[in-house]
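Colleague: Coordinates only, no sequence provided:
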């Protein structure tokens, strides 16, 4: 620590926004110090309190880039206040100022971790903004290092898992190259020497390779997701309370306060715990990173409420907000606005896909008062996605109902299409599953009515058929390329098509 501060070469306009807590009992002196710091630019905000008690009370709810504290305060000293920072685990940068300093005070301040020590001499007001800017920048760099270290610990903890993934993925990638080789080779022969082989033989080779690649990719994706398809009842109130409690301890060391404002009643949704945890941890991590990079810390607030059959979770922060040009691209893959080379731009895209698979929605934007806000809507239990099912065989109908339930989807199941026709015009379904050939009114007739009076359901419809060669089915699929699942089918194939339809439906829904 030094009494004389060298003049900084940084220009005020290069300084990032900062919020400073000024603890000074002399109002006249406080005004002069405030005006001096404001010379750094309009983005610097100064909040003034007169006592140590006011300082500690304010820090319970508000975070600051740095605190400037006078040594002598009513009822206590600035050193007493800084000791309380240590006791409470608040990683705030501090500048101790005094008109009557001594070497002993400077040594004690250093022991307590004070960032800088400044005497109120003739150059005090000139040096104050320089010291403040330097302290904030150093503290910001320190918090970035802490944040990076925290991420590194997570990465190291997954090192063994990564080795496992590499060991699993490498042979699959190698196997994919084999069918790609003969697909490409056969395609080149067809283009360059069309008379060498017949189109049928070439087509068989290409189809065989494409099928093999599809199987390998499915295996790779299934392993990479590491997510069970089964949905269970989750009390979001309890789930978010435990998650924020665990994360708040980690973020405290980065000068980020994580608070929750949750409803005090159970809020039950159906979902996969791992997937939902991934979504909310990603939103919290993004907010914390923005706060650390731009404001030396801040506050993240998690709120939970109900609205029209949905649980609504908002994740807000008091940081700089989202750049306007980024808002329209937030959930697109490889959009990494503001992250430089550190982010893949996949986090929000993956989160969006997971929420859509749960029949929900996610959106992001800026608050009118500043800061970013992400909102997640999840259907309340018993109010999740609803599927219209037409299947005449009872065991198959029960199987489909069970499979949908495992995905958190309710089933409106019927054995005869005649039961559906009276309600088709007004029914609200997220999915439609039709068996074509059944006694009475079958899937062909229902789909024709969908075309006529409910074209909005065409993109949500899939066919489940025991006869892929059915002429009516072939004609239908030529006119409308909707998914078809031939019987018998695997649970994996069923789930894949259902998830595809859910994603498509929610992507097309107006926000």
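Modeller: It's in. What you are looking at is a predicted structure, and each value in this text was computed from that prediction instead of being measured.
Colleague: Tell me which residues of stretch 52-68 come out buried.
Modeller: Of all the residues in stretch 52-68, those buried under the rule 16 or more other CB atoms under 10 Å are 52, 55-56, 59, 63-68. Where you see a C-beta, it was placed from the backbone N, CA and C, and this is true even at glycine.
Colleague: Apologies, that question was intended for stretch 118-131.
Modeller: 118-120, 124-125, 127-131.
Colleague: so can I have TSV of those showing pLDDT, distance to residue 452 and secondary structure?
Modeller: As requested, the buried residues of stretch 118-131 are exported to TSV (pLDDT from 0 to 100; distance: CB to CB, whole Å; DSSP: H, G, I helix; E, B strand; the rest coil):
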residue	pLDDT	distance to residue 452	secondary structure
118	89	80	strand
119	88	86	strand
120	90	84	coil
124	92	82	helix
125	93	80	helix
127	92	80	helix
128	93	76	helix
129	92	73	helix
130	91	75	helix
131	92	76	helix
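Colleague: from those residues, which is closest to residue 427?
Modeller: residue 129 (66.4 Å; CB to CB).
Colleague: need the contact list for residue 210.
Modeller: Residues near residue 210 by CB atoms under 8 Å, 6 or more residues apart in numbering: 179, 183.
Colleague: Now that residue 385 has come up, it's in contact with residue 428, right?
Modeller: No - applying CB atoms under 8 Å as the test, residue 385 and residue 428 come out as separate, 10.4 Å apart.
Colleague: Could you check which of these two has the larger neighbour count?
Modeller: More crowded of residue 385 and residue 428, by other CB atoms under 10 Å: residue 385, with 24 against 8.
Colleague: Which pLDDT value belongs to the more buried one?
Modeller: Predicted confidence (pLDDT) for residue 385: 78.
Colleague: show me what contacts it?
Modeller: Contacts of residue 385 were listed using CB under 8 Å, 6+ apart, and they are 359, 379, 408-410, 430-431, 502.
Colleague: Return the longest strand in the protein, judged by number of residues.
Modeller: The single longest strand within the chain, with elements called by DSSP state E, is strand 298-307.
Colleague: From the chain's centroid, how far away is that one?
Modeller: 14 Å (CA atoms, centre = their mean, to the nearest Å).
Colleague: ditto for stretch 250-257
Modeller: With CA atoms, centre = their mean, you get 19 Å for stretch 250-257.
Colleague: same question, stretch 356-372
Modeller: For stretch 356-372 - counting by CA atoms, centre = their mean - the centre lies 10 Å from the chain centre.
Colleague: Give the rounded mean pLDDT of it.
Modeller: Averaging pLDDT along stretch 356-372 yields 87.
Colleague: Show me which residues of it are buried.
Modeller: For stretch 356-372, by 16+ other CB under 10 Å, it's 356-364, 366, 371-372.
Colleague: next one: stretch 70-86
Modeller: 70-71, 73, 76-79, 81-82, 84-85.
Colleague: Just the endpoints, please. Distance across it?
Modeller: Counting by CA to CA, to the nearest Å, you get 17 Å between the two ends of stretch 70-86.
Colleague: Show me what that stretch is in contact with.
Modeller: Here stretch 70-86 makes contact (CB under 8 Å, 6+ apart) with 23-26, 29, 50-53, 55-56, 59, 69, 92, 94, 96-98, 100-101, 105, 108-109, 112-114.
Colleague: rewinding a little: can you tell me which of the buried residues of stretch 70-86 are in helices?
Modeller: Among the buried residues of stretch 70-86, DSSP state H puts 78-79, 81-82, 84-85 in helices.
Colleague: can you pull the contacts of residue 497?
Modeller: Residue 497 neighbours (CB under 8 Å, 6+ apart): 462, 483, 485.
Colleague: Would you mind measuring from it to residue 73?
Modeller: According to CB to CB, to the nearest Å, residue 497 and residue 73 sit 68 Å apart.
Colleague: hmm, back to that, okay if I get the buried residues of stretch 118-131 as a markdown table plus distance to residue 322?
Modeller: Below are the buried residues of stretch 118-131 laid out as a markdown table (distance: CB to CB, whole Å):
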| residue | distance to residue 322 |
| --- | --- |
| 118 | 37 |
| 119 | 42 |
| 120 | 41 |
| 124 | 39 |
| 125 | 37 |
| 127 | 36 |
| 128 | 33 |
| 129 | 29 |
| 130 | 32 |
| 131 | 32 |
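Colleague: Can you give the domain ranges for this protein?
Modeller: Per the record, the chain has its domains at 12-155, 159-225, 232-379, 386-508, by automatic domain parsing.
Colleague: How about stretch 201-214, which residues are buried there?
Modeller: So, applying 16+ other CB under 10 Å, buried residues of stretch 201-214: 202, 205-206, 209, 212-213.
Colleague: got it, and stretch 402-409?
Modeller: Neighbour-count burial for stretch 402-409 flags 403-404, 406-409 (criterion: 16+ other CB under 10 Å).
Colleague: about what we covered before: which one of the buried residues of stretch 118-131 is nearest to residue 320?
Modeller: Once CB to CB is applied, the member of those that ends up nearest residue 320 is residue 129, at 21.2 Å.
Colleague: ok, residue 391 - how many residues close by?
Modeller: Neighbour tally, residue 391, other CB under 10 Å: 22.
Colleague: tell me the pLDDT at the closest residue in space to it that isn't next to it in sequence?
Modeller: Of all residues not flanking residue 391 in the chain, residue 397 sits nearest, at 4.2 Å (CB to CB, 6 or more residues apart in numbering). For residue 397, the pLDDT comes out at 88.
Colleague: Report all helices and strands that the helix or strand harbouring residue 397 contacts.
Modeller: Assigned by DSSP states H and E, residue 397 falls within helix 394-406. Counting by 3 or more CB pairs under 8 Å, 6 or more residues apart in numbering; DSSP states H and E, the packing neighbours recorded for helix 394-406 are strand 386-390, strand 410-414, helix 491-508.
Colleague: if you set the cut-off to 6 Å instead, what comes out?
Modeller: On a contact count with 3 or more CB pairs under 6 Å, 6 or more residues apart in numbering; DSSP states H and E, helix 394-406 meets strand 410-414.
Colleague: what's next to the helix or strand hosting residue 250, contact-wise?
Modeller: For residue 250, the host element (DSSP H and E) is helix 236-252. Applying CB atoms under 6 Å, 6 or more residues apart in numbering, the external contacts of helix 236-252 come out as 89, 258, 260, 262, 266-267, 269, 284, 288, 302, 311.
Colleague: possible to save those as CSV with neighbour count?
Modeller: Formatted as CSV, the contacts of helix 236-252 follow (neighbours: other CB atoms under 10 Å):
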residue, neighbour count
89, 9
258, 23
260, 16
262, 18
266, 11
267, 23
269, 26
284, 23
288, 25
302, 23
311, 25
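Colleague: Which ones among these map onto helices?
Modeller: Residues of these located in helices (DSSP H): 284, 288.
Colleague: With pLDDT and distance to residue 420 added, can I get the contacts of helix 236-252 in a markdown table?
Modeller: Converted to a markdown table, the contacts of helix 236-252 look like this (pLDDT from 0 to 100; distance: CB to CB, whole Å):
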| residue | pLDDT | distance to residue 420 |
| --- | --- | --- |
| 89 | 74 | 61 |
| 258 | 90 | 48 |
| 260 | 86 | 44 |
| 262 | 80 | 41 |
| 266 | 72 | 35 |
| 267 | 81 | 33 |
| 269 | 87 | 28 |
| 284 | 90 | 44 |
| 288 | 88 | 50 |
| 302 | 94 | 42 |
| 311 | 89 | 30 |
